[in-house]
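**Student:** Have a look; sequence and predicted model below, questions after that.
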Amino acid sequence: MELSRDELIRAVSGQMPEKRWKHTQGVMESAVLLAEKYGADPVKADLAAILHDVAKYWPVSEMEAVIRDNGLNEELLQHDKQLWHSEVGAFVAKRDYGIDDDEIINAIRWHTSGRVGMSLLDKVVCLADYIEPGRDFPGVHHIREQAEHSLEEGLIAGFDSTISLLISQRRIIYPLTMLSRNDLIAHL
């Protein structure tokens with residue numbers, strides 16, 4: 001059974017610290033604006049944004065169990081735990097919150113890594129997560145500037161920022177993020 005928007009907000013906001021809920025509200029606002037600007041469905045963008053970090057504060061062991069027990073993408077378990085919440089969140093959105101729209105589920109699933117062949121909604125939610133008003137990290141202004149004239153250029157700038165940070169920290173880069181970036185560039 002699908003919850004109303006208000007019920008969804010109550011359920012999701014109760015699973016995270018206030019600071020993360022403020023971030024989620026910023027992503028909701030940014031996703032709707034991007035959807036309206038670039039022709040995606042603003043209602044779907046809002047729903048995906050509400051749920052995008054639903055599993056972010058789950059214990060790592062619980063996220064791992066959901067991935068293993070439900071035949072989800074186990075390759076993620078070999079990579080940074082920060083990637084796990086999007087896969088688990090997509091599963092939970094369907095199982096616990098009655099979201100049966102594949103477009104919304106996929107936007108939740110791919111909001112951290114991107115994917116090859118991103119849908120319009122995937123791009124909107126992923127970019128909204130980078131540029132929401134509360135975000136403050138080196139390069140965010142450049143990403144916001146790019147987002148003003150191109151969803152794809154904004155995302156490329158976002159992925160470039162993430163990849164550069166991971167390189168500077170000598171951390172492993174999730175291959176799908178590189179492939180997503182390359183796919184966006186190839187299509188421009």
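**Tutor:** Now that the structure is in, tell me what you want to look at. Residues are numbered from 1 along each chain as shown.
**Student:** what are the phi and psi values for the residue nearest the centre of the chain?
**Tutor:** Centroid-nearest residue in the chain: His111, 2.2 Å away (criterion: C-alpha atoms, centre = their mean). Dihedral angles of His111 (phi, psi; degrees, to the nearest 10) stand at phi -70, psi -20.
**Student:** secondary structure element for Ser164?
**Tutor:** Using DSSP states H and E, Ser164 sits in helix 151-168.
**Student:** circling back to that earlier point, residue contacts, the residue nearest to the centre of the chain?
**Tutor:** 48, 52, 86, 122, 125-126, 129 (C-beta atoms under 8 Å, 6 or more residues apart in numbering). Using the backbone N, CA and C atoms, a C-beta is placed for each residue, glycine as well.
**Student:** on contacts alone, who are the packing partners of the longest helix anywhere in the chain?
**Tutor:** Secondary structure of the chain read by DSSP state H shows that its longest helix is helix 18-38. Applying 3 or more C-beta pairs under 8 Å, 6 or more residues apart in numbering; DSSP states H and E, one finds that helix 18-38 contacts helix 5-13, helix 42-51, helix 120-131.
**Student:** So Ala65 versus His79, what's the distance?
**Tutor:** 17 Å (C-beta to C-beta, to the nearest Å).
**Student:** what about the two, which has more around it?
**Tutor:** The residue with more neighbours, out of Ala65 and His79, is His79; 18 against 13, by other C-beta atoms under 10 Å.
**Student:** quick one: contacts for the more buried one?
**Tutor:** By C-beta under 8 Å, 6+ apart, the contact list for His79 reads 172, 174.
**Student:** Swap in 6 Å and give it another go.
**Tutor:** His79 makes contacts with Tyr174, as judged by C-beta atoms under 6 Å, 6 or more residues apart in numbering.
**Student:** how close does it sit to Leu33?
**Tutor:** His79 is 31 Å from Leu33, by C-beta to C-beta.
**Student:** any weak-confidence spans in this structure?
**Tutor:** 1 (pLDDT under 70).
**Student:** what about 90?
**Tutor:** 1-3 (pLDDT under 90).
**Student:** Buried ones in the longest helix of the chain, by neighbour count?
**Tutor:** 21, 23-35, 38 (16 or more other C-beta atoms under 10 Å).
**Student:** can you redo the helices and strands packed on helix 18-38 as TSV with distance to Lys94?
**Tutor:** Output for these, formatted as TSV (distance: least, C-beta to C-beta, whole Å):
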stretch	distance to Lys94
helix 5-13	13
helix 42-51	10
helix 120-131	16
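**Student:** okay, those helices in a markdown table with mean neighbour count and distance to Ile163 next?
**Tutor:** Shown next, in a markdown table, are these (neighbours: other C-beta atoms under 10 Å; distance: least, C-beta to C-beta, whole Å):
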| stretch | mean neighbour count | distance to Ile163 |
| --- | --- | --- |
| helix 5-13 | 15 | 29 |
| helix 42-51 | 24 | 24 |
| helix 120-131 | 26 | 13 |
